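>>> starting from these lines, generate the structure:
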Amino acid sequence: MGTSSSIEYLNDASGNSSWNILAEMTYPQPILGIRSILVEELIYIIGGENIAGFIGSVLIIDTVNDALISSSINLEIPRTRHSLIYDPDTQLIYVVGGFNGEYLKSVETIKNESTVITTTEAPNMDKKNTGYIAGLIVGLVSPLVCALAFLW
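This is a model prediction of the structure:
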């Protein structure tokens, strides 16, 4: 049985829902454990894992032009099973926790299509409360985002 390594998206703009394949966007191996987040017209696909190991790359899909945007972003710590939060006030994407052979206590921030700003350790974060922390962060104003992750 073969596997597919293409990226597909649901096109619902016309009201006639259909799945489309972005032909130029294929992987040599399927990926699992990725996370994605929509930021304006861009979908960021972050991390994951495949047969070669944990992935630190960030793919960006332009939903208006159905195209892959070239990205030089690589997470400082490759990971899977993490949480993503976007803060529209600061235009930062927070990559929270995850797994890369051990449960991660780090928070990485992505500013735009080409920059990972910082990686910070949150000493009291563990596998039991990472998702809970990420859920709490979503509704908070930007100055409190990092503070909350460290207080937990």
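
>>> any idea how far the residue nearest to Val95 when sequence neighbours are not counted is from Ile61?
Excluding its sequence neighbours, the residue lying closest to Val95 (CB to CB, 6 or more residues apart in numbering) is Glu108, at 4.3 Å. No exception for glycine: its C-beta is placed from N, CA and C like everyone else's. For Glu108, the distance to Ile61 (CB to CB, to the nearest Å) stands at 20 Å.

>>> neighbour count winner among those two?
Between Glu108 and Ile61, counted using other CB atoms under 10 Å, Glu108 has the larger neighbour count: 24 against 21.

>>> tell me if that one really is in a strand.
Yes: remark: Glu108 belongs to a strand, assigned using DSSP: H, G, I helix; E, B strand; the rest coil.

>>> so it touches Asn74, yeah?
No: applying CB atoms under 8 Å as the test, Glu108 and Asn74 come out as separate, 10.3 Å apart.

>>> okay, now the unreliable bits of the protein?
1-6, 13-14, 22-29, 113-119, 122-152 (pLDDT under 70).
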